[in-house]
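Participant: build me a model from this:
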Amino acid sequence: MYSHREWLRYSVYFIEKYSRHQLRYNMYNHREWLRYSVYFIEKYRYSLCTRRNQLKSTC
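Facilitator: Predicted structure coming up:
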């Protein structure tokens, strides 16, 4: 499990790395890629939150 800050740092690193990779191949334009990244982070963070707080509904 990651703490919130570690997860955020890892996400940013991942996005930077992967977006550079995507730009090389021109598969997504920048706006679409950004939207997809935010969606992915929100979804993944939500799943981590629900897994950690199964009895709570704070997500």
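Participant: residue nearest the centroid of the protein?
Facilitator: Here the mean C-alpha position of the chain is nearest to the C-alpha of I41 (C-alpha atoms, centre = their mean), at a distance of 2.4 Å.
Participant: for it, which non-adjacent residue is closest in space?
Facilitator: Using C-beta to C-beta, 6 or more residues apart in numbering and skipping the chain neighbours, the partner closest in space to I41 is S11 (5.2 Å). Quick note: C-beta positions are derived from backbone N, CA and C, even for glycine.
Participant: give the burial count for the one you found, as a bare number.
Facilitator: By the criterion of other C-beta atoms under 10 Å, S11 has 17 neighbours.
Participant: right, and it touches E42 too?
Facilitator: No. Shown here, S11 and E42 do not form a contact pair, counting by C-beta atoms under 8 Å, at 10.4 Å.
Participant: list phi and psi for the residue nearest to I41.
Facilitator: Comment: the main-chain dihedrals of S11 come out as phi -60, psi -50, following degrees, to the nearest 10.
Participant: so how far is E32 from it?
Facilitator: Computed as C-beta to C-beta, to the nearest Å, the S11 to E32 distance reads 18 Å.
Participant: please apply the same query to R9.
Facilitator: Counting by C-beta to C-beta, the gap from R9 to E32 is 24 Å.
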